[in-house]
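# The sequence and its predicted three-dimensional model are supplied below.
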Number of protein chains: 2
Amino acid sequence: MDSFDFYSPTYFIFGKERERETGTYVKKFGGSRCLVVYGGQSAKRSGLLDRVKESLEDAGVHTEELGGVRPNPRGSLVYEGIELCRRKKIDFLLAIGGGSVIDTAKAIAMGAVYDGDFWDFFTGRAPENALPVGTVLTIAASGSEGSPDSVITNEKTLEKNAAEANCLRPKFSVLNPALTESLPSYQTACGVTDIIAHAFERYFTNTRDVEITDRLLEGVVLTMLHEGRRIMTDPSNYEARANIMWAGMVCHNDIMGVGRQQDWNSHHLEHVLSAKYDCAHGAGLAVVMPAWMTYCAHHHDPARLAQMATRIFGCQMDYENPLNTALEGIEAFKIFLKSIGMPLSFAEIGADPESISELVEMNHIGDGKTGGFVALDKQAHYDIYELAAGREN
Amino acid sequence: MDSFDFYSPTYFIFGKERERETGTYVKKFGGSRCLVVYGGQSAKRSGLLDRVKESLEDAGVHTEELGGVRPNPRGSLVYEGIELCRRKKIDFLLAIGGGSVIDTAKAIAMGAVYDGDFWDFFTGRAPENALPVGTVLTIAASGSEGSPDSVITNEKTLEKNAAEANCLRPKFSVLNPALTESLPSYQTACGVTDIIAHAFERYFTNTRDVEITDRLLEGVVLTMLHEGRRIMTDPSNYEARANIMWAGMVCHNDIMGVGRQQDWNSHHLEHVLSAKYDCAHGAGLAVVMPAWMTYCAHHHDPARLAQMATRIFGCQMDYENPLNTALEGIEAFKIFLKSIGMPLSFAEIGADPESISELVEMNHIGDGKTGGFVALDKQAHYDIYELAAGREN
C-alpha cells in the first residue's frame, strides 16, 4: 500500500425529506448570501426548488438563482455564475441536482475568488481556495457530492477536463434517495454504471497488497449489481435507491481509493465520446469499459480481471488459464449492463465507428501515454475504440 | 435504511515515517501549546516520542508531557491531565499510542473546557466542545483515531463507560503501520479481534435493506481474516499491517455503520470482564463474541448469522436449516480466533465462572434490557456468560 493523505470533511444529511433542513446547514457553514444552482425545469416542477428556498428563507439566507445547467456541463454558464457571484456578493453556492450541477457550482466557486480564467484550474493549476459549496443531490451517479472533483466541457474545443482539490469538497450534502425516484429509468441506469466505473477505475491497479480497498470496492460493485437490478424492476423502491445513493458517495469520496495507483482510462476514453456525441456519460462508459477490460485482460494482467470475475461475478476460477476466467467475468459484466438497458456498442449511442481516428486525436495523447493500470499509447486508444465500436468484439 | 447524519472531518496522514510531520499538523489545526499524552516506556525507548517532539519543536509548538496511560485506562490520569491543561494553558492534545491513550486524551479534552466532573460525559451528558485532539497511532485496534468515542474505566466502581460526540473526532491522525511492528504478537491479535468486533457489532442488525453497509463490513472482516493470519506468521510484514490499520479506521469511523441499528452487546458484555479481570479488551471479546453469536443464532435470527457464515467464512448454505449454517460459521470464527492465539473461554483469561452472577450485576441492567439486534435481559446476560465460560458451549 502506498502512502497517502485522506480528508473528507463533508457533512452528510441522509434520508427522507431532509432537504427541508438545507437552510440550517448553509447557515451553519457560514452562508448568508447563497447562489442556488440548478438544471432544467424538473427541480421547479417537482417543488424541490421551492422547498429548499423556503428552508433558506426560514434560516434568513438571501438567495439568488442560476438555472439551466445541462448534462456534460459547459464553461459558458460557469462564467455567468462567476459574474453573478461577484455582482451579488455571494458567499455560498448551493447545487440542487446531479454531477453536472454540482460540478458547475464547484467551478463557479473556484472562479469567483480567482482573478484569472477559471479554465486554468481545468488545465493543471491547483486552486488555493474556493467559495463554500453545499449540495442537494437528485441523481446518484457522479459522487461529486462527496468528492474533490469537478468535470467541465470547454465548448470551443470540446475538451472535457477535470479539476481536483480538497477545497472543492462540499461543506455538506443532503442525500434524500426519494428525490431520485422520478428519474427516467435510462438515467438511473446511467448513474448505476457511473458508480460501478468509479469503483473499477480504482480497482484495476498495479499496486500490490491492497486487500482492504479491494474488498471495499468489490462490496460497492456487488451492491450495485444487486440494487441496480432491483431498481430497474421497481423504480420506486426507496431502499434500493438509498443503498445506491450511499454507495455512490463512499465509492467516490476516495476512502477506498487511497494508497493505490488508480486508472482513469475508461473515463478518459469516454469523455471525448460524450463531448462529441453528447451521449450520457454513463452510457459512454458502458460502451468503453468492457472494451478497455478486454484489452487489459489480453495485454496486461488477466489475473486481476480474474479476481473481479470470481469475487464479484461468481465465476469459477480457471487455474490453468486465468484469461478464460477474466473474459468470462467481462462477459458477465456486459450481460449485467445490457440487463439494465445500457448500450454496449458505438451504434447504440449514435457514435460513428468512422470517427475513431478523430476521437483518438481529441484525446491529445501525442507521443505520450494515459492511465495507470495499463499505459495506453495512441494505438492502444485506437484498438480499444475499435473493440468498443463492436468491430473486433 | 434509516435516516442518518455522517461527519468524519479527521485528516489522515498514512505511511512510513509520517510521524515526522506531526508538528506541521498540530500547527495547522491551531495548536501552539500541546500536551503530549502517551503510555509506558515503549514510546520513549523506541525513539518515537523524541521524533514527534522534535517535529513539534521544529514547528514552534510548546509541549508538555503526560505519560503513564494504562490499558483499560482509568479516570485518575484524566483528572491529572485536566489539571495540567489548565495550569499550562494547553490548547491542543496529542495522543501517541493506541485506544487507551487516545481515549484518555479525548476525556481530558472534554474535561479541560468543562466546569463539572468529566465523568458526567460518561454517564449521559453530551459535551458541547472539547480541546482539539490529534493522534499518532501505534496499535491498530480501537479505531479511536477516526471515531467520536472514548471509553474510560471508573476505578472506584470499575464501570467502563463510553462518551460519544463529533467534537471528539481527532483533527488529524498519523497512521504509520511500521510503528505497530514491534508489538507483541498477542497484542496484535487482540487488535485484530477488536477490529472484527467493531465490524460485527454493526453487522448484526434488525434493519432491513442495508446491502451497501453489509457488503463493506463483510469486506473488512474478510480482510482481517486474510491479513490477521498473515501478520501472525510474518509480524514484520508492513503490507499486512497497513491493510489492518486502514481497516481498523474505516470500520470504526462509522461510514459503514450508518443508517442501521447497531448492537454493542459484545462490547457491553466484555467491558465488565476486562474491568474486573484486567484482561486485554480484544481477548475478552474473543471469549464473549462467539458465545453471543451462538445465543443470537438459537434465539433470534439464524438467517443473518448464516449470511455471515456463507459470505465471510465460505460455508455452504443449508437452505432447509439455516441454523446449521449459522453454527458452522460461528465455529469457523472460533477456529480463526484460536489460530491467531486468542482465548475462547473464561479459563484462558483467568476469569472465574463462579463470578458470573457478579458480572451480570456489574452490568447494571435492573429490569431493563441491553443491545439492539437482540434485547438482552439479566437472564440472557447470564446465559451468554455461561456459554462464554465454556460450561454450555
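Right, received. Where do you want to start? Keep in mind the model is a prediction, meaning the values are calculated, not measured. Numbering: from 1, shown residues only, chains lettered A, B, ... in the order given.
# Report the buried residues of the helix or strand containing A:T193.
Element membership for A:T193 (DSSP states H and E) is helix A:185-203. Across helix A:185-203, burial judged by 16 or more other Cβ atoms under 10 Å in any protein chain shown covers A:187-203. The way it works is simple: take the backbone N, C-alpha and C, and place the C-beta from them, glycine included.
# Any regions of chain A where pLDDT drops low?
A:392-393 (pLDDT under 70).
# Centroid-nearest residue for it?
Taking Cα atoms, centre = their mean as the criterion, A:S142 is the residue nearest the geometric centre of chain A, at 2.8 Å.
# I'd like to know how far the nearest residue to it once chain neighbours are set aside sits from A:A162.
The shortest distance from A:S142 to any non-neighbouring residue, by Cβ to Cβ, 6 or more residues apart in numbering or on different chains, is to A:G99 (2.5 Å). Going from A:G99 to A:A162 by Cβ to Cβ, to the nearest Å gives 12 Å.
# list the residues that contact both of those two?
A:V151 (Cβ atoms under 8 Å, 6 or more residues apart in numbering or on different chains).
# which of these two has more neighbours?
A:G99 (29 against 15; other Cβ atoms under 10 Å in any protein chain shown).
# which stretches of the stretch 1-150 of chain A form helices?
Assigned by DSSP state H, counting those that start in this stretch, the helices in the stretch 1-150 of chain A fall at A:22-28, A:42-45, A:48-58, A:75-87, A:99-111.
# buried ones in the longest strand along chain A?
In chain A, assigned by DSSP state E, the strand with the most residues is strand A:4-14. Buried residues in strand A:4-14, counted by 16+ other Cβ under 10 Å: A:F4, A:F6, A:Y7, A:S8, A:T10, A:Y11, A:F12, A:I13, A:F14.
# The stretch 201-350 of chain A: helices as residue ranges?
So, for the stretch 201-350 of chain A - with DSSP H, counting those that start in this stretch - the helices run A:211-233, A:238-252, A:265-277, A:281-299, A:302-311, A:322-339.
# Dump these to CSV, plus mean neighbour count.
Shown next, in CSV, are the helices of the stretch 201-350 of chain A (neighbours: other Cβ atoms under 10 Å in any protein chain shown):
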stretch, mean neighbour count
helix A:211-233, 23
helix A:238-252, 26
helix A:265-277, 23
helix A:281-299, 25
helix A:302-311, 21
helix A:322-339, 19
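# can the ones you listed go into CSV with extra columns for distance to B:K88?
Below are the helices of the stretch 201-350 of chain A laid out as CSV (distance: least, Cβ to Cβ, whole Å):
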stretch, distance to B:K88
helix A:211-233, 39
helix A:238-252, 41
helix A:265-277, 52
helix A:281-299, 56
helix A:302-311, 53
helix A:322-339, 60
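# so which of the ones you listed comes closest to A:V36?
Judged by Cβ to Cβ, the one of these that comes nearest to A:V36 is helix A:238-252, at 21.2 Å.
# My guess is the residue nearest to the centre of chain A contacts A:D103. True?
Yes - applying Cβ atoms under 8 Å as the test, A:S142 and A:D103 come out as touching, 7.2 Å apart.
# sorry, back to before: the longest strand of chain A near chain B at all?
Yes - part of strand A:4-14 sits near chain B under the criterion Cβ under 8 Å from any Cβ of the partner chain, namely A:F4, A:D5, A:F6, A:Y7, A:S8, A:P9, A:T10, A:Y11, A:F12, A:I13, A:F14.
# what about the residue nearest to the last one when sequence neighbours are not counted, neighbour count?
Leaving aside its sequence neighbours, A:F14 sits nearest to A:L175 (Cβ to Cβ, 6+ apart; 4.5 Å). A:L175 has 27 neighbours, counted by other Cβ under 10 Å.
# Quickly list what A:L175 is bridged to.
When bridges are called by DSSP bridges, A:L175 pairs up with A:F14, A:L137.
# OK, contacts around it?
With Cβ under 8 Å, 6+ apart, A:L175 has these contacts: A:F12, A:I13, A:F14, A:G15, A:R18, A:L137, A:E145, A:M245, A:W246, A:M249.
# one more time with 7 Å
A:L175 makes contacts with A:F12, A:I13, A:F14, A:L137, A:E145, A:M245, A:M249, as judged by Cβ atoms under 7 Å, 6 or more residues apart in numbering or on different chains.
# Most tightly packed of the helices of the stretch 1-150 of chain A?
helix A:99-111 (a mean of 30; mean count of other Cβ atoms under 10 Å in any protein chain shown).
# What lies in contact with it?
For helix A:99-111, the external contacting residues (Cβ under 7 Å, 6+ apart) are A:37-39, A:69-73, A:77-78, A:81-82, A:85, A:93, A:95, A:118, A:121, A:127, A:130-131, A:133, A:135, A:141-142, A:144-145, A:150-152, A:163, A:168.
# For the stretch 251-393 of chain A, what lies in contact range of chain B?
Within the stretch 251-393 of chain A, the positions near chain B by Cβ under 7 Å from any Cβ of the partner chain are A:I255, A:G259.
# scratch that, the stretch 101-250 of chain A
A:209, A:211-212, A:215-216, A:218-219, A:222-223, A:226-227, A:239, A:242-243, A:246-247, A:250.
# please redo it, this time with the cut-off set to 8 Å
A:177, A:208-213, A:215-216, A:218-220, A:222-223, A:226-227, A:239-240, A:242-244, A:246-247, A:250.
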